[in-house]
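Asks: everything below, folded, please.
(one chain, ligands or ions: 1)
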Amino acid sequence: MPFIELESLEKVFTVRVRGNAGPFRREKREVRAVDGISFAVERGEMVGYIGPNGAGKSTTIKMLTGILTPSGGRLRVAGIDPARERTRLAQRIGVVFGQRTTLWWDLPLKDSYRLMHRMYRIPDARFRENLDRCVELLELGELLDVPVRQLSLGQRMRGDIAAALLHDPEVLYLDEPTIGLDVVSKARVREFLRDLNTSRGTTVLLTTHDLTDIEQLCSRVMVIDHGRLMYDGELSGLHAVGESERLLMVDLERELPPITDVPGARFVRSEGPRQWLAFPATTSAAPLVAAVAAKYPLLDLSVREPDIEAVIAKMYGGTREERRESLR
Ligand SMILES: Nc1ncnc2c1ncn2[C@@H]1O[C@H](COP(=O)(O)OP(=O)(O)OP(=O)(O)O)[C@@H](O)[C@H]1O
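Replies: Next comes the predicted model:
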């Protein structure tokens, strides 16, 4: 049985909007935030869950934690119906919302952890062990006595991630865990998550706007838009869907006219002896490199992978129907 299983999951919000019938008349309107989503995640998977603003990502996560009750469909996490058995599920899941903290603002970090120790009734030895591990790997040692409000964003985020893991959850939901962090903090958080996934087999569902998070952490990605699942597969498959291109950067021995006679490659631009050629992301670079090397005096070359951001933007561009068509 999959660890997380959604079948035609729906969440409909009813909102009141100002209607045409007068300034004080409000009309009811339905927002289908999640509109029939089905997927399964196996234990130990690390999956990216991405989409534009308002796509329905947070609403899905809230249903997975039991905070929101679905309007339709079926949902199981570790065999548990989250909305019905929220407290029982809470023992098995960890949640990190990047934009909000679960820590107590005025308390030193270690006091928040002590409270969680009690709340989750974590056995003492296990609590110690998990805390020590998080403190070491997330470099929290010097921060334990600092009130949360005095922590930098990156420090607070690391504090929040540790808080979500003290009770050994089997699944971790991360909503924008690297938002607003500097490059060093991002790298540290990513490394920690990768290690958690490989060493403990924790299942991770990651929502992010930073596609480098996905590139570095997830081999599988789900793209959601308007409450519907638009893509579910390997990250590499997204390139094919977005018809993206890879770039070959060629350093020639000297400045030469644009390379336009290599089949399958498109000249993009040049800067002195350096030229950039584009070719489809779905084809192999080897024959192209061989063809260039056979015809031109090469000093060096490198291949740049396509920018997923551009791929996603391409997917999100156009009408919903066109996008869905392109994904078939
Ligand atoms: N409590 C609510 N009442 C009414 N509408 C809501 C509510 N929560 C979410 N929505 C609407 O549901 C849709 C999906 O919102 P959701 O927050 O799940 O998107 P998201 O993909 O997480 O977006 P973001 O990346 O901006 O966080 C949006 O149109 C949003 O306005």
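
Asks: can you show me the helices along the stretch 51-200 of the chain?
Replies: 57-65, 86-90, 109-119, 124-137, 153-165, 183-200 (DSSP state H, counting those that start in this stretch).

Asks: up against the ligand, what does the stretch 51-200 of the chain have?
Replies: Within the stretch 51-200 of the chain, the positions near the ligand by CB under 6 Å from any ligand atom are 51, 53, 54, 55, 56, 57, 58, 59. Glycine gets a C-beta too; all of them are placed from N, C-alpha and C.

Asks: okay, who's weakest in those residues by pLDDT?
Replies: Of all these, residue 53 carries the smallest pLDDT score, 82.

Asks: quick check: phi and psi at it.
Replies: Backbone torsions of residue 53, given as degrees, to the nearest 10, read phi -60, psi 140.

Asks: swap in residue 270?
Replies: Torsion angles, degrees, to the nearest 10, at residue 270: phi -140, psi 160.

Asks: quick check, nearest of the residues of the stretch 51-200 of the chain next to the ligand to residue 194?
Replies: Nearest to residue 194 out of those is residue 57 (CB to CB; 21.5 Å).

Asks: surely the closest one and residue 50 touch.
Replies: Yes. Using CB atoms under 8 Å, residue 57 is in contact with residue 50, at 7.4 Å.

Asks: what is in contact with the two at once?
Replies: Shared contacts of residue 57 and residue 50 (CB atoms under 8 Å, 6 or more residues apart in numbering): 207, 224.

Asks: any idea how far residue 177 is from residue 234?
Replies: Applying CB to CB, to the nearest Å, the value for residue 234 to residue 177 is 22 Å.

Asks: quick one: which of those two has more around it?
Replies: More crowded of residue 234 and residue 177, by other CB atoms under 10 Å: residue 177, with 28 against 12.

Asks: got a pLDDT number for that one?
Replies: We note a pLDDT of 86 for residue 177 in this prediction.

Asks: can you pull out the low-pLDDT segments for the stretch 1-150 of the chain?
Replies: Applying pLDDT under 70 to the stretch 1-150 of the chain picks out residues 19-24.

Asks: kindly recompute the last result at 50.
Replies: Residues of the stretch 1-150 of the chain meeting the criterion pLDDT under 50: none.

Asks: likewise the stretch 201-328 of the chain?
Replies: 319, 323-324, 326-328.

Asks: can you give me the strands in it?
Replies: Assigned by DSSP state E, counting those that start in this stretch, the strands in the stretch 201-328 of the chain fall at 203-207, 220-225, 228-234, 245-252, 266-271, 274-280, 298-304.

Asks: circling back to that earlier point, can you pick out the most distant pair from the residues of the stretch 51-200 of the chain next to the ligand?
Replies: Longest span within these, CB to CB: 53 and 59, 12.4 Å.

Asks: higher neighbour count, those two?
Replies: residue 59 (23 against 6).

Asks: show me what contacts that one?
Replies: With CB under 8 Å, 6+ apart, residue 59 has these contacts: 11, 33, 34, 68, 227.

Asks: ignoring the adjacent residues along the chain, who's closest to it?
Replies: Distance criterion CB to CB, 6 or more residues apart in numbering; nearest residue to residue 59, sequence neighbours excluded, is residue 33 at 4.2 Å.

Asks: near the residue nearest to residue 289 when sequence neighbours are not counted, how many other residues are there?
Replies: Distance criterion CB to CB, 6+ apart; nearest residue to residue 289, sequence neighbours excluded, is residue 301 at 6.4 Å. By other CB under 10 Å, the residues close to residue 301 number 19.

Asks: cool, thanks, talk later.
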